[in-house]
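# Let me see the structure of the following:
(one chain, ligands or ions: 1)
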Amino acid sequence: MTSVDNDPIQTYAPLYEEYDYPIDDVTGELPAELRGTVYRNGPGKMEAGGTPLGHIFDGDGMLTMYSMADGKVHFRNRFIQTKHYQRSIVAEGAPFRALGTMRDGGLLANALRFPTSVANTAVVMSAGKLLALWEGGRPTELDPDTLRTKGEYDFDGELKWLGAFSAHPKWDWDTGEMFNFGMAMAPVPKLICYRVDRNGTMNKLGHVRLPGPMFNHDMGLTKRYLVFVIPPLVFPLKKFFGAAFGLLNYIDAIEYDASLGTTIALVPRDGGKPRIFHTDPMLHLHFANAYDDDNGDVVVDVLNYHATWEQLNGQLAGVETLMETSTMPFGGLPTRVRISGSGAVTIDEFSGVHGEFPMINVFKMARPNRYFYMSAATGGSLFPNALSKIDNDTGKETVFQFADGHLPHEAIFAARPGATDEDDGWLIGPVLDAVNNTANLSVFDAKDIEAGPVYVGRLRHHLPLSFHGCYTPRIAQPHSPAATR
Ligand SMILES: [Fe+2]
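Numbers count the residues shown, from 1 in each chain. As a prediction, this is how the structure comes out:
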């Protein structure tokens, strides 16, 4: 194993091998009550047919699985067998267009071609199905025990045409419903809203018309509304058609047009007409939570970047671009957006610590949450280097600082069985050890993150950056007779 001192470039290094083993190099103890499975998704390799991909959004999705029971963790990873992946491992040159990557062959090879799914952004359990999500197209279903790819999933035909189904659905745990949206760029730019009931049946809820093709990554959910806080990330028509006809890639066709401000859309959960508001321009990717407060206000917490799209994209495109061009710390600032019943909007930062991958106790989705967690960047770091917890009631913020060269991915919250306190549970996430070119799974007691991880299970290899994941109390059984049928 190569030793590279504190080299963050390994964050993007590929992992071609597929593993399956019990984690046996451990410090601390896995809590006996922590049982279930954490799944994660992210770009496992950053080339296609030998051609380097132009953007981290383009890498083929690789699922990682941590099955936890009886104080032990079993690791497994598998590439998602999309059409893009299967062609990219045998082709010469990039076989498909991607968001930030063109095919070889110039204009004719790229004109009127949409990005092909790489299924790399998130993974969720919905009505017993394990679904890898990618916001430009349909989910991909996988076996929750073996991670075998079953194929694209369209909710019994409800996802039409390209079938865009975004990577950040939200749940109402009282009803078991999942809500999500999909971006439609043409012929009418809009966000199409969906409800999926606890049995997995999908219904369309209406849509939010957009003034033109725009990019929106996340949404919130309250007891009354689907909430959109749409940043002014637009595809100017000239660039949109330029991208469609193969003159430039889709990522480079995006512009941040502050003059448009931010558009807020509240879409009633019963399918009524959306309420639309406008406020100051903001740039964000992720929501932590949304809820209706006692005054009837809609409250939304996001991570707001004080940056242009070029600056933010410089952090996303790839590690070389990031290290050469980025001068801003990793992440955005925790920011509360409040929409009153009359439509007045206020925007207030509630922390000065930069971070990304916001997390809450997921049972607090659509309800007021007290605690907010994120992968943080302290000291102006270009990469995440800490885990932070904010207590919204007291304003207190606690931070666990990782050792030099250690990069935490998103931490997933798992509640302790029978817990009554909101922070009674664990934060579970992989940490890249760039000093030793390896990685580990770290588990924190969410009540006391400053104490450091209660469990560190070292993997036998490096891990590339992963984007999003989920926890389910279901314990994956990769080797059971049922799983291997
Ligand atoms: Fe995301």
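# Under the pLDDT cut-off, which ranges of the stretch 101-250 of the chain? List them.
Within the stretch 101-250 of the chain, the set of residues satisfying pLDDT under 70 is empty.
# pretty sure Phe240 is in a helix, no?
Yes - with the criterion set as DSSP: H, G, I helix; E, B strand; the rest coil, the secondary structure at Phe240 is a helix.
# what's the burial count for it?
19 (other CB atoms under 10 Å). No exception for glycine: its C-beta is placed from N, CA and C like everyone else's.
# ok, now Gln81?
For Gln81, the count of nearby residues is 18 (other CB under 10 Å).
# Go ahead and confirm Ile230 touches Asn216.
Yes - counting by CB atoms under 8 Å, Asn216 is a contact partner of Ile230 at 4.9 Å.
# intersection of neighbour lists for those two?
Each of Leu191 lies in contact with both Ile230 and Asn216 under the rule CB atoms under 8 Å, 6 or more residues apart in numbering.
# Tell me where the stretch 201-350 of the chain has helices.
237-244, 309-316, 319-325 (DSSP state H, counting those that start in this stretch).
# tell me which strands and helices the second one is in contact with?
Here helix 309-316 touches strand 255-256, strand 283-292, helix 319-325, going by 3 or more CB pairs under 8 Å, 6 or more residues apart in numbering; DSSP states H and E.
# mean pLDDT lowest for which of the ones you listed?
Per-stretch mean pLDDT for the helices and strands packed on helix 309-316 is lowest at helix 319-325 (a mean of 62).
# average pLDDT for stretch 464-472?
Along stretch 464-472, the predicted confidence averages to a pLDDT of 95.
# One more: stretch 74-91?
Model confidence over stretch 74-91, given as mean pLDDT, is 95.
# where do the strands sit along the stretch 1-150 of the chain?
20-22, 25-28, 36-45, 47-48, 51-52, 60-69, 72-79, 122-126, 129-133, 140-142, 149-152 (DSSP state E, counting those that start in this stretch).
# Check what contacts the fourth one and list those residues.
With CB under 8 Å, 6+ apart as the test, strand 47-48 has contacts from 14, 53, 58, 60, 84, 87-88, 91, 94-96, 98, 101.
# Could I get these in a markdown table, plus columns for distance to Asn304 and neighbour count?
Conversion of the contacts of strand 47-48 to a markdown table gives the following (distance: CB to CB, whole Å; neighbours: other CB atoms under 10 Å):
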| residue | distance to Asn304 | neighbour count |
| --- | --- | --- |
| Pro14 | 32 | 15 |
| Leu53 | 28 | 23 |
| Asp58 | 26 | 28 |
| Asp60 | 31 | 27 |
| His84 | 32 | 27 |
| Arg87 | 38 | 15 |
| Ser88 | 35 | 26 |
| Ala91 | 40 | 17 |
| Ala94 | 34 | 26 |
| Pro95 | 37 | 19 |
| Phe96 | 34 | 22 |
| Ala98 | 28 | 27 |
| Thr101 | 29 | 24 |
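# nearest spatial neighbour of the residue of the chain most remote from its centre, skipping sequence neighbours?
Ranked by distance from the centre of the chain (CA atoms, centre = their mean), the top residue is Leu108, with 33.1 Å. Among residues not flanking Leu108 along the chain, Gly246 sits closest, at 7.4 Å (CB to CB, 6 or more residues apart in numbering).
# wait, the one you found sits on Asp104?
No - proximity of Gly246 to Asp104 does not meet the contact threshold set by CB under 8 Å, at 11.9 Å.
# More neighbours: which of these two?
Of the pair Gly246 and Asp104, Gly246 is the one with more neighbours under other CB under 10 Å, namely 19 against 13.
# give me the number of residues near Asn110?
For Asn110, the tally of surrounding residues (other CB under 10 Å) stands at 21.
# Name the nearest residue to it, ignoring sequence neighbours.
Nearest in space to Asn110, with sequence neighbours left out and distances taken as CB to CB, 6+ apart, is Gly246 at 3.1 Å.
# Same check on Thr263?
Ile230 (4.3 Å).
# tell me the strands in the stretch 251-400 of the chain, going along the chain?
In the stretch 251-400 of the chain, the segments counted as strands under DSSP E, counting those that start in this stretch are 255-256, 262-268, 275-279, 283-292, 298-305, 333-339, 345-349, 354-359, 371-377, 386-391, 397-401.
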